[in-house]
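*Asks:* Attaching a predicted model along with its sequence, questions to come.
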Amino acid sequence: MKKFFTKSGIVLSAILFFLSLAFPALAQYNETTLEQNGLYSALAKDAANNIYVTRVKSGTNGQTYEVVKYTNPLTNPGATPVVVYTGLTHGTQEFPWGLAVASNGDVYISTDFTDTNKNGEIIKVSAASNYATSSSYLTGKYFTALTIANDQLYTAQYNSTTSKYDIVRYATGASAGTGTVIRAGLGSSGYSYITGLAVDGNGTTYIAAPFDGVDKGNIIKITSSGTESVISAGGYPSALAVDAQNNLYASEFSGTSNQYKLTKYSAAGGSTIIKSNLSQNGFYYPWGIAETNSSLFVVDGDDGTNGGKVIILKPIIPAPSTPVLAAGSDSGISNSDQITNAVNPVLTGTAEANATVKLYEGTTFLGSTLANNGTWSITLSTALTAGVHKFTATATNSSNITSALSGELSITVDLTSPSVTISSNITALKAGETANITFAFSENPGNTFTWDGSSGDITVSGGTLSALSGAGLIRTAIFTPAANTNNGVAGISVAAASYTDIAGNAGAAAPNQTITFDTQAPAATSVPFLRSSSDSGQSNVDGITNVTTPIFTGTAESGTTITLYDNGSTIIGSIVATGGVWLITSTSLSTGAHNITASARDAAGNTGPVSGALSIIIDNVAPVAPSQAALTGASDSGISTTDGITNITKPTFTGTAEAGATVRLYDTDGTTELGSGVSNLGLWSITIISPLAAGTHTIRAKATDVAGNTSIASNGLTITIDLTPPVVSGVINNSINTAPVSLNISINEGTATLNGNPFPNNTNLSAVGTYELIATDLAGNSTTANFRIDKATPVITWANPGDITYGTPLTATQLNATASVPGTLTYLPVSGTVLNAGANQTLNVNFVPTDAANYNSVSKTVSINVGKATPLITWANPADITYGTALTATQLNATANVAGTFTYLPVSGTVLNAGANQNLKVDFVPTDAANYASTSKTVTINVSKATPIITWANPANITYGTALTVAQLNATASIPGTFTYVPVSGTVLNAGANQNLKVDFVPTDAVNYASISKTVTINVNKATPLITWANPADIIYGAPLTATQLNATAGIPGTFTYVPVSGTVLNAGANQNLKVDFVPTDAANYASTSKTVT
């Protein structure tokens, strides 16, 4: 019978007010809301950590409930849930408290008790159908709490016999089967239900006992071996759940009116309050808990104002301390300034003991370690780059709960070596002067850079350096050069690694700063020397020149300033001696004699003594022009030695000029020098050095005196250089001319001879013969032409004929030569010849010209290819055949127009696989292989698939309830293959005659055999129910027949009709018959039957 539960009626809060519990400390959890402002009666999770909630359906005024699914809400809490099932109702004090999910995703839901037809139901919703289909799984027991463990369904269900609740275990899947009672007798005759039930991984069952009865308000623990104990007494739990570590979570009364707490009972012992203020109001309690990844999903009951909610509790662990750069990794001047050159530093810190600490730079994971005894240390495995790096850490405990980020550590990795430059305010010193030296650093070296005036990190040469002044990036000192030193060079330098920066990077070396100094007066310079380039004329060492701004050189102390004087007082130039040598171009000097002296002054301002004097003469007056040049007779070639026409390109000229002067000859342009010579006693003779070009040249002479002054040009002498031989026209040297021909031969100048005899100009020559023609001009140039006049050879035109086939005779198509002149053509072989097959066979023609006097006879050969003839094969496509038929002469029946041999592929007797358009090929080799080519032909044939033979007789009759087996499904085939039966093996057919059984056969060799089906029939007889009815115990006359005697049972549902009927009073007597007629409810598959007892 139905049990009513009125929690408000028993004034639960008043009863629980008397509980006095010593509450353990609250655990730290972060709370968020998954869903709120609703009413919730159950909560569950699946193997994928998805969450399922039974809630009031929106818009139903609280009368209809639905089950929704949140997919992975830990990482996606804002996602819209999917409706799994809707249409649940609730009574006045009854709700759908039961919700569980199997490993395959099927959802099991307990309904309220309002359906009087079912008296309580568990609905199964199929995950495979995406929750589109549901079925009734169990009915008639008034089910409350549900849970699933190891794919077994545990239920809290009402026992109408005892009027109490039992915990029963069923199988999940297609059907529940017979349940196993885990615990019976929970609750009493009134008031409350079981809304909390959980089973851990060890098979231990936890029960939230009802609020009345012997176990009221307890959490009962029953091990898999049946040992029972109480985890918590009098806590009035409303929901239970377990985690993977077999810890138990329970929502229990907190001791404060309308308020529940969430408690964790550790598998190792002890308890922790996770949340102390869950709501309870009226009928609504915290009716659901689920644990996933150490987080909890909890139904919070009605708070009396906003309804209930589903909350998420995520454990919190404290963040690690801000990471610290280990002192040993903080290089440089300070081990605590977070500036280092260590690229794989060690970071340390503190965290929850034994938590896993993960180190990050931004979002980049760097490494992890355990915080043994609450401290941790990580050495970075990846080298840091130069720059600022910021590190944080998280801690993850054994429950895989991760803390917030720690504080941020910022360090600077400095991998750049510092540098220093050295500068001086002056780079050259003289006696009594000093220099201010500055050391400029790229980074502050601190106290790693020192100099006390005599020792430290500076190297000094050529003087002394005072102690350093200043700090930071700039340090200064004063340099004093060594005394009495000429051309001294001081050096100031800093060696590499003699200082460091803040991060400890060794400093780079400073370039050496040099300072020159001079404290001695220079020595006297050498006597000035007139540079050879300024000593013009015939000698560059005689001191006689026409250069009025000559260049003087000498030696002196390097770096001194040289001043040049004319006649002891006039300054004519100055310059600094470089490398001990000086060179000065003087100001303009007048014509006449000059005495040149010099003095030296060093950079310090010291002047040395005056040098000895150099005497020179300036002469800039030009000589008289030479006489006109004359061409010598030996250089004037040809018929005349005085006509100035010659083919000598390096002629000799003579004339007169100033004695001792140098005479130079110039070509027509007046600038191209042709040669030179000295006028000896006023006469000169000059032979041209480089060949003169052909053409007219005007030759002039100029004279240059001893000082280099040059006269004006002489009068010009015009000569002609003729290098061009006469041109012969009308014949080509070394030519062969073919008769008949008439050669008109002429020359453009001079005279000619032909074969040694005079040859008149513009004469025609046509006689056959060999000739030499020589033409000579006035300059003596000659041209020779050797030539011949020969007979002509006719040209025969005859291309290689096109290929022919064996059997074709030769005709004018092939014998079609032509000649360039009239004559007779004779062919070999002759027209009409039939050549054998063969490549490059020779055809020859002999040609005799009609004009044999002027033309030669000639022959020509061409080649012709005679191809083999191709026989004609006759063979039609054969008719279609079926797989298994061997090839015979019926298919292989080709013929040819010449004698020969046929070879077939595939060969006769071959059995082809099934398939359309399969090729049959014949190769034909003719008997006359010399003149006929072998040939082939291909036809196609269609080979149809063969049809297998299935052997299968109608099976013998069977009785309803007998599953189909190989006894009925026993078809065989003539070849290997696969049988598929409909209906399948194991099917139980309804009773009926001539029911079809079908088999589909797919041959293994699907290429050559077709699939086929066959149908047989089977008769399925009705089954006869088994009636169980023992002979009743003896009765005494007067006692009517009742169910005590009329108590027959059958294995299936049906109707019993007794004779005599119930209530009949039998007469006294032994072995009186009692009969029952049984009509099965399933009359289609079962036959009616009777039984008689006595």
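*Replies:* Received it, and whenever you're ready, just let me know what you need.

*Asks:* Check which helix or strand the residue nearest to Thr783 when sequence neighbours are not counted maps to.
*Replies:* Spatial nearest neighbour of Thr783, chain neighbours left out: Pro725 (4.3 Å); criterion: CB to CB, 6 or more residues apart in numbering. Yep, even glycine has a C-beta here, placed from its N, CA and C like the rest. Following DSSP states H and E, one finds Pro725 outside all helices and strands.

*Asks:* Identify the residues contacting Pro725.
*Replies:* Counting by CB atoms under 8 Å, 6 or more residues apart in numbering, Pro725 touches Ala775, Asp777, Asn781, Ser782, Thr783.

*Asks:* pLDDT (mean, whole number) over the helix or strand containing the first one?
*Replies:* Think Ala775. Here Ala775, judged by DSSP H and E, is contained in strand 769-776. Mean per-residue pLDDT for strand 769-776: 92.

*Asks:* So what are the sheet partners of the helix or strand following it and their directions?
*Replies:* Counting by DSSP H and E, the next helix or strand C-terminal to strand 769-776 is strand 782-790. Note on strand 782-790: by DSSP bridges, its sheet partners are strand 735-738 (parallel), strand 769-776 (antiparallel).

*Asks:* of those, which approaches Gln918 most closely?
*Replies:* strand 735-738 (72.2 Å; CB to CB).

*Asks:* distance between that closest one and the chain's centre?
*Replies:* Offset of strand 735-738 from its chain centre (CA atoms, centre = their mean, to the nearest Å): 77 Å.

*Asks:* cool, and stretch 861-880?
*Replies:* With CA atoms, centre = their mean as the basis, the mean position of stretch 861-880 lies at 59 Å from the chain mean.

*Asks:* And that stretch, end to end?
*Replies:* 58 Å (CA to CA, to the nearest Å).

*Asks:* Touching the strand holding Ala775 from outside, list them.
*Replies:* Outside strand 769-776, the residues touching it (CB under 8 Å, 6+ apart) are 725-726, 728, 731, 745, 747, 749-756, 759, 765, 782-789.

*Asks:* what's the distance between Ala176 and Val199?
*Replies:* Distance of Ala176 to Val199, computed by CB to CB, to the nearest Å: 16 Å.

*Asks:* of those two, who's got more company?
*Replies:* Between Ala176 and Val199, counting by other CB atoms under 10 Å, Val199 is the more crowded of the two (23 against 18).

*Asks:* show me the contacts for the closest residue in space to that one that isn't next to it in sequence.
*Replies:* Spatial nearest neighbour of Val199, excluding adjacent residues (CB to CB, 6+ apart): Ala149 at 3.7 Å. Residues near Ala149 by CB under 8 Å, 6+ apart: Val199, Asp200, Gly201, Gly203.

*Asks:* What about Thr591, how many residues nearby?
*Replies:* Counted with other CB under 10 Å, the neighbours of Thr591 add up to 12.

*Asks:* Likewise for Asn709?
*Replies:* 17.

*Asks:* Kindly report the same for Asn1071.
*Replies:* Neighbours around Asn1071, by other CB under 10 Å: 7.

*Asks:* Asn647 now?
*Replies:* For Asn647, using other CB under 10 Å, the count is 18.

*Asks:* Could you find the closest non-adjacent residue to it?
*Replies:* Per CB to CB, 6+ apart, closest to Asn647 is Ala779, 4.5 Å.

*Asks:* Might you report the residue contacts of the one you found?
*Replies:* Contacts of Ala779 were listed using CB under 8 Å, 6+ apart, and they are Ser637, Gly638, Ile645, Thr646, Asn647, Thr720, Asp722, Leu723.

*Asks:* List only those of those residues flagged as buried.
*Replies:* Ser637, Gly638, Ile645, Thr646, Asn647, Asp722 (16 or more other CB atoms under 10 Å).

*Asks:* So which of those sit within strands?
*Replies:* Ile645, Thr646 (DSSP state E).

*Asks:* where along the stretch 401-550 of the chain do the strands fall?
*Replies:* 409-413, 420-424, 428-430, 435-441, 458-461, 463-465, 474-481, 488-494, 510-518, 529-530, 544-545 (DSSP state E, counting those that start in this stretch).

*Asks:* Report the beta-bridge partners for the spatially most central residue of the chain.
*Replies:* With distances taken as CA atoms, centre = their mean, the residue of the chain nearest its centroid is Thr364 (21.5 Å). Going by DSSP bridges, Thr364 is paired in beta bridges with Glu361.

*Asks:* how much space between it and Asn341?
*Replies:* Applying CB to CB to Thr364 and Asn341 gives a distance of 21 Å.

*Asks:* Could you do Thr396 as well?
*Replies:* In terms of CB to CB, Thr396 sits 32 Å off from Asn341.

*Asks:* Those two: which has the busier surroundings?
*Replies:* Comparing Thr396 with Asn341 by other CB under 10 Å, the one with more neighbours is Asn341, at 24 against 17.

*Asks:* Contacts only, for the more buried one.
*Replies:* Ser331, Gly332, Val413, Asp414, Leu415, Ala503, Gly504, Asn505.

*Asks:* export these to a markdown table and tack on pLDDT and neighbour count?
*Replies:* Shown next, in a markdown table, are the contacts of Asn341 (pLDDT from 0 to 100; neighbours: other CB atoms under 10 Å):
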| residue | pLDDT | neighbour count |
| --- | --- | --- |
| Ser331 | 90 | 21 |
| Gly332 | 87 | 19 |
| Val413 | 94 | 21 |
| Asp414 | 91 | 20 |
| Leu415 | 92 | 15 |
| Ala503 | 88 | 24 |
| Gly504 | 90 | 18 |
| Asn505 | 91 | 19 |
